[in-house]
Structures are given as C-alpha cells and as structure tokens.
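Asks: here you go, sequence then predicted model.
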Amino acid sequence: MALTMLIEPPIKDPSPHMLLYQLSKTSQVETLNYQSCSMQGIFAQFPEILFIHRTYNPIGKVLYTFLVDGPQVRLEGPLARAVYFAIPAKEDAEGLTQMFQVFKKFNPAWERVCTILVDPHFLPLPTLAMEFPAAEVLLSAFHICKFLQGKFYQLCLERPVERVLLTSLQSTMCSATTGNLRKLHALLNSCIPPAQLPELYSHWLLNDRIWLAHRWRSRAESSLYFQGLEVTTRTLSQFFSTTPCVEQGMASLLQYMQQNSGDRASFSLCLSPQNSPAPSDTTPESPHVVQLVESRIQHSLNAICTEPAAQLCLGEFAVVQKSVHLIGSGSEKVNIQILEDTHRVQPQPPASCSCYFNQAFHLPCRHILAMLSARRQVLQPDMLPAQWEAGRAASLEGILGSQWSEMLEKRLVVAFLTEEVRQLLQHCSQEEFERRYNTLRELADSWIGPYEQVQL
C-alpha cells in the first residue's frame, strides 16, 4: 500500500516531525501516522510499558494514541505521555498490522516494550501479539475502572447502591491491594442482580497479573494517575470525537498540544488546506470564548433566578471558574486541582445533580454550571424549579427556610461524616487507628449501651 511521508518542520523549530498519511479516492484521510521528534525521544526513554487508547469520531474512524507508562514516567501536563498518533484504514488485521509496522519502523526502541495496556473492548489481540511477540498484553486499570463506572450507570441501580459502588470503586482503584479487590468483588456479587452480574466481568478484579502493573503506585500517585488519564482521554474526545473531518480534528489536537506543552516540538499539519480551519478556530477553549460563555451564564443566572438564589449559584460558578485556571500548566506553573467525589448530573429539565448543594437547595450547582460551560450553553428557565424563578422568593432566608429538609439534612450529613471517618481510619498508623477506634467505641457504648453489639 503506497503511503506518502511528509517531514516539514516549522521555520522556528529545528526538530522535525514524521507525518505519514494516505488519501482515499475522495481525497479524505484514510490512514495517518504522526510523531514529533520530542514524542519519539520520550518513547525511546520509556519504552517498557505502552498504553494504547482508542478514540472514535462520528463517522467511525478511530484514533490510536500510544502513551508511555510505568514507575519511571514522571511527565505532567496535557497529553505529556502521548508518543504516537495513528489512524488505521480499518480495525482489521491488515489495517492494524500496517499501523504497528509503521510505528516500529520509526521507533527502534519498540523491541524493549515489555507490557502493553489496552481496553476491555480491544479485540485484535492476535495482531498485537504477532507484532510485539516479547510483550505481555494486559487490560489497563484505568480502562477497567471506566468500564465498571459505565456499567454502574447503565444498570440504573438505586441511587444509594450506585453511590456505594462508585465510592468503593474509586477507593479500590487508588489502593488496588488483593484484599481491597476481593472486597469490591464481593460487593458486586451482593449488590448486582445475578442476571446482570456477568456483564461486569468481575473476575478481572481477581486477576492479580492485571493489578501488579498498577499496584506499585501509592494512593496519591494513583489519584494523580487516574486524573491525568481522565484529562487526556477527554481532551482526545473533545478534538477528535466532535468532528467527522479527520484533518480538522487532528489539526486542532496538535495545535492544542503545541500551545499546552512548552517542552514539545511545534507541530505542522499540511493535509488539506481548504479544510483546515484558521488557527483562531482550532482552539475551542480560547480565553475570549471562555470569557464570553462565562458572562452569558452569569447573565442568565441573574435574569432567571431570584437575587439570593443567583448569589448562591454564582458562588458555585466561581469555584468552577477558579478550578479552570488552577488546572492550567506551563513551564513555570504548577498543576493544582482539588479532587472531590464524582457526581452525576441529569441535564434534562429541571436539571439535577447528586451533590449536597443541589440536593439541599434544588439550585444549579457547580457541576451543572460546569456542564453548561463545557457545552457553551446558558441556564434556561425550565432547568430551574418554578419556586426559585425571579419574583417567587424575597430573601435568602426564604430559600433556606422553605427548601430545607431536616431528613435530607440528616441523611447527607451522616453520609459525609461516615465517609470522612472511614477515610481517617483507613489512612493512619496502627497506633492512631487503635486510639481513634477506642474513642468511637466509647461513644457508641455511651449512646446505645455496652450490652448492645454496635458494629463500627
């Protein structure tokens, strides 16, 4: 199969890149392979563990992103681990064989690959095994976590059960010991209906070989690892999955990498100039656009909500705005992000969320507002309960007094307190654990009586 290779470094960038592509009869991109000089250098330095992620666009084309992984990799920033992009003609043996062979041709370090991490839906394992005969192919912990997360939502479980499963999954992924994995496996067996349990492939949790490739990370390292991959996969989807035009999606993605990675070589993509957007159009999150969207959301809150309700919501939105700035990175900046539990947003009017703020006040929370900001939308009247529309309540006390539910308050406070106590007991020394446990034991005995067995 004839291919065309294009190496055209920008004028100010002495480091060349490799771009190999083939056009169809209709002048559409059929195959593509891309690697900058710096990406090639990173793979040559950390070739032992290769992480493969797949992203689909609206017309079914799939982008294969190769990322480095392992204990020695300490790269931060958007897509900092990415070392190769490829789009095969088809996801069959012939198309993938050609893709892997091109990758190997330009990366002699491929022979040092020991482990390849893939997602559960990766079917062409024989092709992968044939092209990398010395490497062990394993399911990645990240993809298993995302798979189970999606299944929990698809099963439409009761909210408390779903909440327990998601919290246990998050905790287990950050501390994937044999004991924790077995506890999660037992929890799935007790919470999931037997007829639906096979859909979860829970036996993966008992495959110790999968988790040995991830278990070396500490809890903090695991949190950062999953957070980084979540940002990476969402970024790939943002650029590649939102347009049927491969050229436009890749041009936007590479320009984003150039703008967000100071140590990367600059990128140049010269496929179809007539289809390539101007530089200002390829960055959907430009400061001007973000500022405009935020201004429109603030205006919609002030126009639709009562003044006290708008103040509460704007306080939540301020958290979203500050978080966006804190996540930024650069050569002289530090990546900072405050982690919190995952919450589920129901966008259909009236919008709702599983977080404390929305459950207590029934007002748009930071998660709903973040969703609107990401979609470049504004608050609509039908997304707000009628009692909080402008003119319905006169003061903040009215909102708190009329909407506050004592039972809801108790339930939420108990749930958050229980989780906080669990975290404190789980992550302390044995001596501190004994002291805290005995304190709780005394409290329980004083409330209920020493003759009752209270399980802590």
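Replies: That came in fine, so what should we check first?

Asks: give me the element the residue nearest the centre of the chain is part of.
Replies: Closest residue to the average C-alpha location of the chain: Glu230 at 2.2 Å, with CA atoms, centre = their mean. If you go by DSSP states H and E, Glu230 is part of helix 219-240.

Asks: state the mean pLDDT of that helix.
Replies: The pLDDT scores in helix 219-240 average 86.

Asks: now swap in stretch 384-394 and tell me
Replies: On average, stretch 384-394 scores 63.

Asks: for stretch 434-451, same thing?
Replies: pLDDT averaged over stretch 434-451 gives 72.

Asks: ok, the one helix or strand Thr55 maps to: who's next to it in the sheet?
Replies: Here Thr55 is covered by strand 49-56, with elements defined by DSSP H and E. Counting by DSSP bridges, the strands paired with strand 49-56 are strand 62-69 (antiparallel), strand 115-118 (parallel).

Asks: quick one, which of those strands is nearest to Leu50?
Replies: The minimum distance between Leu50 and the strands paired with strand 49-56 falls on strand 115-118, with 4.9 Å, by CB to CB. C-beta: built from backbone N, CA, C; applies to glycine.

Asks: any buried residues in the helix or strand just after that closest one, and which?
Replies: Counting by DSSP H and E, the next helix or strand C-terminal to strand 115-118 is helix 125-131. Across helix 125-131, burial judged by 16 or more other CB atoms under 10 Å covers Thr127, Leu128, Glu131.

Asks: what's the average pLDDT for helix 125-131?
Replies: Taken as a whole, helix 125-131 has a mean pLDDT of 90.

Asks: gap between that helix and the chain center?
Replies: Distance of helix 125-131 from the chain centroid (CA atoms, centre = their mean, to the nearest Å) equals 28 Å.

Asks: can you show me the CA trace of the next helix or strand after that helix as CSV?
Replies: As assigned by DSSP H and E, the chain's next helix or strand after helix 125-131 is strand 136-139. Listed next in CSV are the C-alpha coordinates belonging to strand 136-139 (Å, rounded to 0.1, in the frame of the first residue of the first chain):
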residue,chain,number,x,y,z
GLU,A,136,2.7,-9.1,27.6
VAL,A,137,-0.8,-7.7,26.8
LEU,A,138,-2.9,-6.7,29.8
LEU,A,139,-6.1,-4.8,30.5
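
Asks: give me the sheet partners of strand 136-139 and which way each runs.
Replies: Taking DSSP bridges as the criterion, strand 136-139 forms sheet pairs with strand 115-118 (parallel).

Asks: state the mean pLDDT of the strand it pairs with.
Replies: Mean predicted confidence for strand 115-118 is 94.

Asks: and the contacts of that strand?
Replies: Residues from elsewhere that reach strand 115-118 (CB atoms under 8 Å, 6 or more residues apart in numbering): 48-52, 69-70, 125, 128, 132, 135-140, 143, 213.

Asks: again, only using 10 Å
Replies: Defining contact as CB atoms under 10 Å, 6 or more residues apart in numbering, one finds that strand 115-118 is touched by 48-54, 66-67, 69-70, 122, 124-125, 128-129, 131-132, 135-143, 210, 212-214.

Asks: ok, Thr172 to His121 distance?
Replies: According to CB to CB, to the nearest Å, Thr172 and His121 sit 22 Å apart.

Asks: which one of these two has more residues nearby?
Replies: It is Thr172, of Thr172 and His121, that has more neighbours when counted by other CB atoms under 10 Å, with 24 against 8.

Asks: so when I look at the more buried one, I'm seeing a helix, right?
Replies: Yes - secondary structure of Thr172 (DSSP: H, G, I helix; E, B strand; the rest coil): part of a helix.

Asks: list the contacts for it?
Replies: Thr172 sits next to 141, 145, 148, 179-185, 187, 205, 211, 222 when contact means CB under 10 Å, 6+ apart.

Asks: among the residues you listed, name the buried ones.
Replies: Ala141, Cys145, Leu148, Asn180, Leu181, Leu184, His185, Leu187, Leu205, Trp211, Ser222.

Asks: surely the fourth one touches Leu206?
Replies: No - in terms of CB atoms under 10 Å, Asn180 does not count as a neighbour of Leu206; the distance is 11.9 Å.

Asks: those strands in the stretch 1-150 of the chain, which residues are they?
Replies: Ranges of strands in the stretch 1-150 of the chain, per DSSP state E, counting those that start in this stretch, are 4-6, 17-23, 29-36, 49-56, 62-69, 82-87, 115-118, 136-139.

Asks: output the contacting helices and strands for the second one.
Replies: Read that as strand 17-23. Under the contact definition 3 or more CB pairs under 10 Å, 6 or more residues apart in numbering; DSSP states H and E, strand 17-23 sits against strand 4-6, strand 29-36, helix 37-45, strand 82-87, helix 93-106, helix 246-260.

Asks: mind putting those in CSV, distance to Phe433 included?
Replies: Shown next, in CSV, are those (distance: least, CB to CB, whole Å):
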stretch, distance to Phe433
strand 4-6, 61
strand 29-36, 49
helix 37-45, 41
strand 82-87, 41
helix 93-106, 49
helix 246-260, 42
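
Asks: least reliable of the ones you listed by average pLDDT, please.
Replies: strand 4-6 (a mean of 33).

Asks: what is the burial count for Leu59?
Replies: Check again: residue 59 is Ile, not Leu. Neighbour tally, Ile59, other CB under 10 Å: 10.

Asks: number the chain from 7, please
Replies: That works, and once the first residue is 7, the last one we named lands at Ile65.

Asks: mind listing what it touches?
Replies: Counted by CB under 10 Å, 6+ apart, Ile65 has contacts Gln34, Thr249, Pro250, Cys251, Val252.

Asks: any idea how far it is from Ile58?
Replies: In terms of CB to CB, Ile65 sits 21 Å off from Ile58.

Asks: Val170: which of the buried ones among the contacts of Thr178 is nearest?
Replies: The closest of the buried ones among the contacts of Thr178 to Val170 turns out to be Leu193 (CB to CB; 7.5 Å).

Asks: could you report the pLDDT at the closest one?
Replies: At Leu193, pLDDT is 92.

Asks: ok, Ser435 - contacts?
Replies: With contact taken as CB under 10 Å, 6+ apart, Ser435 is in contact with Arg441.

Asks: before we move on, what about Ser247?
Replies: Taking CB under 10 Å, 6+ apart, we find Ser247 in contact with Thr61, Tyr62, Asn63, Pro64, Leu69, Arg240, Gly255.

Asks: over to Gln107?
Replies: Going by CB under 10 Å, 6+ apart, Gln107 touches Trp116, Glu137.

Asks: number of residues surrounding Leu446?
Replies: Quick note: Leu446 (other CB under 10 Å) scores 13 neighbours.
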